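Asks: sequence unavailable; structure follows:
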């Protein structure tokens, strides 16, 4: 009898522990206005399929499991059907708990008020500030040029573009830096700095703002990635020496960059989902064959977040040069933010040039440089 009681007691504690581990986020929304019968709220995260929840009696409730920080994206069936398009609305979620939204169906999520989880509310405040700055920039462009947008062949196009760039730097830089200063102890601070900050701030501003983050925020995953990116900006300049790194090849065997020391190395950062990356491969195979036997090699570095898509596509592309998987975020050490991005490294380990994108209608910069190097030998 004692054994039975003990087993039931143990089962109770196990079930209680499991229940505690299964954290969740409950998102509740109140919706006003005429939905015209389009009552679905659609939601997804990057890399997942779109799901939906219905608005019933002006409300919807959504319960989502929470295990790690993520961004939940929303749009409405109403905007898809009535406006023939949508802009995904992000909720930044870094913990379990309740989030409440109040919105008018015509204004949509970007006009909603958000309450509840602190990080979610702070990030929504940032989005509103960003929207206000965008409106201010648009108003000033219209005042300066009489219109905000023109066709590319319009004589005003260059002037408007230059004005937009200068005004964006003036207002967006200030807004982002002020927000990060105010939230240097909050996760939302490092999140905004590593996202909008990388796109809006100059490298020296980015480093200055990173140094203002609290030590705890610098130690977060986003903080460490941002630190690597800042190092990458410095370390990937022309003439910089590439530090050795070790990544695994498809068989799981470590491959050291130093194995290629003494050669001209084309380092290609790519991903299985990147169309231009795959379009570049036939031309790259031609170049590889052309300089085969010379002091030259290509190193393909997959930036796929998971290893399976990379291993699967390798079976079909069959590129004849070493391939490794970036499990250590080496791309940040090279400040890579677009794909494909390539570097040509000299035999002395110094960066000769950087090329972003694929040139389908002519020779790319790396191809031209290789011709120059090997035709002069």
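Replies: Nice, I can see it. The structure displayed is predicted, hence computed values, not measured ones. Numbering: from 1, shown residues only.
Asks: need the contact list for residue 272.
Replies: For residue 272, the contact set (Cβ atoms under 8 Å, 6 or more residues apart in numbering) comprises 302, 304, 309-310, 312-313. Every residue, glycine included, has its C-beta placed from N, CA and C.
Asks: name the nearest of the residues you listed relative to residue 117.
Replies: Among those, residue 304 lies closest to residue 117 (Cβ to Cβ), at 30.9 Å.
Asks: the closest one against residue 269, yeah?
Replies: No. Look at residue 304 against residue 269 with Cβ atoms under 8 Å: they stay out of range, at 11.0 Å.
Asks: neighbour count winner among these two?
Replies: Set residue 304 next to residue 269 and count neighbours by other Cβ atoms under 10 Å: residue 269 wins out with 23 against 19.
Asks: adjacent strands (with direction) for whichever strand or helix holds that one?
Replies: Assessed by DSSP states H and E, residue 269 sits inside strand 264-270. Using DSSP bridges, strand 264-270 pairs in its sheet with strand 296-302 (parallel), strand 341-345 (antiparallel).
Asks: tell me the helix or strand right after the shortest one.
Replies: Read that as strand 341-345. Assigned by DSSP H and E, the successor of strand 341-345 is strand 351-356.
Asks: and residue 246, what are its bridge partners?
Replies: Taking DSSP bridges, one finds residue 256 as the beta-bridge partners of residue 246.
Asks: quick one: contacts for it?
Replies: Going by Cβ under 8 Å, 6+ apart, the list of residues near residue 246 reads 254-257.
Asks: just the buried residues of these.
Replies: Neighbour counting by 16 or more other Cβ atoms under 10 Å classes 255, 257 among the contacts of residue 246 as buried.
Asks: adding distance to residue 63 and pLDDT, write the contacts of residue 246 out as CSV.
Replies: Output for these, formatted as CSV (distance: Cβ to Cβ, whole Å; pLDDT from 0 to 100):
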residue, distance to residue 63, pLDDT
254, 43, 98
255, 44, 98
256, 47, 97
257, 46, 97
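Asks: before we move on, back to that, overlap in contacts, residue 304 and residue 269.
Replies: Shared contacts of residue 304 and residue 269, defined by Cβ under 8 Å, 6+ apart, are found at residue 326.
Asks: so residue 60 touches residue 41, yeah?
Replies: Yes. Under the criterion of Cβ under 8 Å, residue 60 makes contact with residue 41 at 5.2 Å.
Asks: residue ranges in the protein under the pLDDT threshold?
Replies: Scanning the chain with the threshold set as pLDDT under 70 gives 1-21, 376-377.
Asks: domains of it?
Replies: Listed by automatic domain parsing, the domain ranges of the chain are 21-116, 122-235, 246-375.
Asks: contact partners of stretch 108-123?
Replies: Residues outside stretch 108-123 that contact it (Cβ under 8 Å, 6+ apart) are 25, 29, 74-76, 78-79, 87, 89-95, 97-104, 124, 127, 131, 183, 186-188, 191-192.
Asks: try 6 Å this time
Replies: 74, 79, 89, 91-92, 94, 97-103, 124, 187-188 (Cβ atoms under 6 Å, 6 or more residues apart in numbering).
Asks: filter the residues you listed down to the buried ones, PyMOL style.
Replies: Only the buried entries of these go into this PyMOL selection, using 16+ other Cβ under 10 Å:
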select buried, resi 74+79+89+91+92+94+97+99+100+101+103+124+187+188
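Asks: farthest-apart pair in the contacts of stretch 108-123, please.
Replies: Farthest pair in the contacts of stretch 108-123, by Cβ to Cβ: 79 and 187, 29.4 Å.
Asks: count the residues that sit near residue 225.
Replies: 16.
Asks: dump the residue contacts of it.
Replies: Going by Cβ under 6 Å, 6+ apart, residue 225 touches residue 332.
Asks: what's it sitting at in phi/psi?
Replies: Main-chain dihedrals, residue 225, degrees, to the nearest 10: phi -70, psi -40.
Asks: which residues in the stretch 251-377 of the chain form helices?
Replies: Using DSSP state H, counting those that start in this stretch, the helices found in the stretch 251-377 of the chain span residues 275-290, 307-317, 330-333, 365-375.
Asks: can you redo the ones you listed as a markdown table with distance to residue 141 and mean neighbour count?
Replies: Listed next are those as a markdown table, based on distance: least, Cβ to Cβ, whole Å; neighbours: other Cβ atoms under 10 Å:
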| stretch | distance to residue 141 | mean neighbour count |
| --- | --- | --- |
| helix 275-290 | 31 | 16 |
| helix 307-317 | 42 | 14 |
| helix 330-333 | 34 | 21 |
| helix 365-375 | 33 | 15 |
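Asks: just send the ones you listed back as JSON lines, with distance to residue 172 too.
Replies: Shown next, in JSON lines, are those (distance: least, Cβ to Cβ, whole Å):
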{"stretch": "helix 275-290", "distance to residue 172": "28"}
{"stretch": "helix 307-317", "distance to residue 172": "34"}
{"stretch": "helix 330-333", "distance to residue 172": "23"}
{"stretch": "helix 365-375", "distance to residue 172": "30"}
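Asks: many thanks, I have nothing further to ask.
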